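**Student:** Have a look at this prediction, sequence included:
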Amino acid sequence: MVSEQEIRYAAEIIKQGGLVAFPTETVYGLGANALNPLAVARIFTSKERPSFDPLIVHIASIADLEILAEKLDDRVYILADKFWPGPLTIVLPKSKIVPDIVTSGLNTVGIRMPDNRIALELIKHAGCPIAAPSANKFGRISPTKAQHVKKQLPDIDCILDGGSTTIGIESTVITLHSDGFVILRQGKITKEDLEKVLPYSKQDIDQNEIMSSPGNIKSHYSPNKPLYILGDNLEGLDTKNAAFLSFGTIPDREFKIIEFLSENGNLDEAAIKLFEKLHILEDSDVEFIIAEPVPEKGIGIAIMDRLQKAAHKYL
Ligand code: AMP
Ligand code: MG
């Protein structure tokens, strides 16, 4: 358990322009005062993240939203009411107060209210919104435990250890068109969940909206060894020194390690375990990883998005 005192200590670091890794319900974030450009610059340096990839700003109240974003219409309040705190990031026109470095020069800002006590208290005690991407090196596996953060970012000022995250993959990112919402990145909250409160837009997504941001480029979330998605690609392959990442299937050939995303095809469980299992297999001595695909429904869409990006450079 993280104590109130530890959270206050971490909040002090944020106030002074330092970096704090903290748990959210999705993955661990690497946070800095979103209104301090020098502090935010340290996030990019520490992650080796390219400056064209915008950050999500985390808030603890609707008052913060109103300071950061402009042209808020009723739909934003409906979404906030239904999905916040929770794993939904809404990209909105930004106010002048948001430094360009946070949004990679875009005139929009991605905002969400995380559903995690430690994260919310950290933001409240720091007294500022917190810009935070996932707390991993650029392009690598996202962290779902404090030890994953330590592995990739050993030098940051402070890590609040809140145990394993409860959802395990990043937030759904959406933006609003005049006729409804569009999804910029898949996550726990699905198109169907959102359609219960707003229509899906019929207008195309503009390339400027997606940006060339890593959440959307083809290779991301990668382990340090080859990962392939199971298809017809096992033919003639020697898997004795490989790992199998299973969604319930027991392979009929030899593997050195078998890890289960779920033993009985549970997609929520698979989302929680995805990055954790990839960290375990990355740290093991196998030569490569074969992952079983999961059904592309509900959160399975977001899981396959992450697996395909993790596998992309090995296609
Ligand atoms: P992460 O590194 O997991 O925090 O991912 C942040 C992702 O949120 C980016 O890579 C984008 O996909 C998305 N995002 C954040 N802000 C914006 C924005 N203003 N416009 C479009 N996408 C954004
Ligand atoms: Mg990330």
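**Tutor:** On my side now, so go ahead. Note that the structure is predicted; figures quoted are calculated from it, not measured. Numbers count the residues shown, from 1 in each chain. Ligands and ions are numbered 1, 2, ... in the order given.
**Student:** and the residue positioned nearest the centre of the chain, what is it in contact with?
**Tutor:** The residue lying closest to the centre of the chain (Cα atoms, centre = their mean) is residue 170, at 2.7 Å. Going by Cβ atoms under 8 Å, 6 or more residues apart in numbering, residue 170 touches 26, 27, 87, 134, 142, 185, 187, 215, 302. From N, CA and C alone the C-beta is placed, and that goes for glycine too.
**Student:** Which ones among these lie within strands?
**Tutor:** Residues of the contacts of residue 170 located in strands (DSSP state E): residue 185.
**Student:** between the contacts of residue 170, which is closest to ligand 1?
**Tutor:** residue 215 (3.0 Å; Cβ to the nearest ligand atom).
**Student:** got the residue ranges for the helices in this structure?
**Tutor:** 4-15, 37-47, 62-68, 74-83, 100-103, 117-126, 146-152, 191-195, 207-210, 267-283, 300-311 (DSSP state H).
**Student:** Quick one: mean pLDDT for the second one?
**Tutor:** If I follow you right, that is helix 37-47. Averaged across helix 37-47, pLDDT comes to 97.
**Student:** Would you mark the buried spots in stretch 85-102?
**Tutor:** The neighbour-count check on stretch 85-102 (16 or more other Cβ atoms under 10 Å) flags 85-92, 94, 98-99, 101-102 as buried.
**Student:** Looking at these, which one is closest to ligand 1?
**Tutor:** residue 91 (4.4 Å).
**Student:** so the closest one sits right up against residue 174, yeah?
**Tutor:** Yes: counting by Cβ atoms under 8 Å, residue 91 touches residue 174, with 7.0 Å between them.
**Student:** residues shared between the contacts of these two?
**Tutor:** Residues touching both residue 91 and residue 174 by Cβ under 8 Å, 6+ apart: residue 184.
**Student:** residues contacting the closest residue to the residue nearest to the centre of the chain other than its chain neighbours?
**Tutor:** Setting aside the residues directly before and after it, residue 170 is nearest to residue 26 in space (Cβ to Cβ, 6 or more residues apart in numbering), at 5.2 Å. Going by Cβ under 8 Å, 6+ apart, residue 26 touches 87, 114, 165, 167, 168, 169, 170, 171, 187, 188.
**Student:** Please report how far residue 26 lies from residue 187.
**Tutor:** 7 Å (Cβ to Cβ, to the nearest Å).
**Student:** Check the contact lists of those two and give me the overlap.
**Tutor:** Contact criterion Cβ under 8 Å, 6+ apart; residues shared by residue 26 and residue 187: 87, 169, 170, 171.
**Student:** so can I have TSV of the residues you listed showing pLDDT?
**Tutor:** Shown next, in TSV, are the shared contacts of residue 26 and residue 187 (pLDDT from 0 to 100):
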residue	pLDDT
87	98
169	96
170	96
171	97
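**Student:** Dump those residues into a markdown table; add distance to ligand 1 as well.
**Tutor:** Output for these, formatted as a markdown table (distance: Cβ to the nearest ligand atom, whole Å):
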| residue | distance to ligand 1 |
| --- | --- |
| 87 | 11 |
| 169 | 9 |
| 170 | 4 |
| 171 | 8 |
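**Student:** Can you give me every residue that contacts residue 55?
**Tutor:** 34, 40, 43, 102, 103, 110, 131, 132, 133.
**Student:** so which of those residues are also by ligand 1?
**Tutor:** When Cβ under 6 Å from any ligand atom is applied, the members of those adjacent to ligand 1 are 103, 110, 133.
**Student:** Ignoring the adjacent residues along the chain, who's closest to the last one?
**Tutor:** Okay, so that is residue 133. Leaving aside its sequence neighbours, residue 133 sits nearest to residue 55 (Cβ to Cβ, 6+ apart; 5.3 Å).
**Student:** how far away is the one you found from residue 309?
**Tutor:** With Cβ to Cβ as the criterion, residue 55 and residue 309 are 19 Å apart.
**Student:** Tell me the buried residues in the helix or strand of the chain with the lowest mean pLDDT?
**Tutor:** Sorting the helices and strands of the chain by mean pLDDT, DSSP states H and E puts helix 207-210 at the bottom, at a mean of 74. Using 16+ other Cβ under 10 Å as the test for burial, helix 207-210 gives 209, 210.
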